[in-house]
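Engineer: my questions are about this predicted structure, shown below with the sequence.
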Amino acid sequence: MTQYILKLYITGRTSKSERAIINLQQLCEHELKGDYTLRVIDVLENPQLAEDEKIIATPTLIKVLPPPLRRVIGDLSNTEKVLLGLDLNTIDETR
C-alpha cells in the first residue's frame, strides 16, 4: 500500500487557510483512506521552512512521497484538479 506524505503551507488561520485544511482532510480521508501523513505548516510561524521549499503563495500543498514531487496552490476546493495536480492514481474515472 502506498503511503502519501503531504505538506500544506498556510499563512495564519485565515478563512482561505481553514478551507484548504478542511478540503484536504476530506479529500485524504475519502481518496487515500488513511494512507497518508499530513503536516500543516504556518509560514508565519516557520518562515525558514517556507523559504527552503520556495513557497511563493499560500495555501500550497506539496506531495513529498511517493515521487514525483508535486505542488498545488489554492484552497483545494476542486477535488478533481487537486488529484490530477498531485498525480494521485485514485481518481474515480466516472466523475
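Structural biologist: Alright, I've got the coordinates. Everything numeric here is computed off the predicted structure, so don't read it as measured data.

Engineer: just give me the residue right at the centre of this protein.
Structural biologist: residue 61 (3.3 Å; Cα atoms, centre = their mean).

Engineer: okay, and that one sits in which element?
Structural biologist: According to DSSP states H and E, residue 61 maps onto strand 60-65.

Engineer: ditto for residue 37
Structural biologist: When elements are defined using DSSP H and E, residue 37 is found to belong to strand 36-42.

Engineer: got it, and residue 68?
Structural biologist: Counting by DSSP H and E, no helix or strand carries residue 68.

Engineer: grab the nearest non-local neighbour of it.
Structural biologist: Take residue 68 and drop its neighbours on the chain: the residue closest to it by Cβ to Cβ, 6 or more residues apart in numbering is residue 87, 6.7 Å away. Using the backbone N, CA and C atoms, a C-beta is placed for each residue, glycine as well.

Engineer: how about residue 28?
Structural biologist: Nearest to residue 28 is residue 36, by Cβ to Cβ, 6+ apart, at 5.1 Å.

Engineer: for the one you found, give me the pLDDT.
Structural biologist: In this model, residue 36 is scored at 93, pLDDT.

Engineer: that one is in contact with residue 2, isn't it?
Structural biologist: No. Counting by Cβ atoms under 8 Å, residue 2 is not a contact partner of residue 36; they are 9.2 Å apart.

Engineer: more neighbours, those two?
Structural biologist: When residue 36 and residue 2 are compared for neighbours, residue 36 comes out ahead with 19 against 11, by other Cβ atoms under 10 Å.

Engineer: what are the buried residues along the biggest helix by length in the chain?
Structural biologist: Longest helix of the chain, by residue count under DSSP state H: helix 15-27. For helix 15-27, the neighbour count (16 or more other Cβ atoms under 10 Å) marks 17, 20, 21, 23, 24, 27 as buried.

Engineer: Provide the backbone phi and psi angles at the residue nearest to residue 68.
Structural biologist: The phi and psi values for residue 87, taken as degrees, to the nearest 10, are phi 60, psi 40.

Engineer: that one: neighbouring residues, count only.
Structural biologist: Going by other Cβ under 10 Å, the residues that sit close to residue 87 add up to 13.
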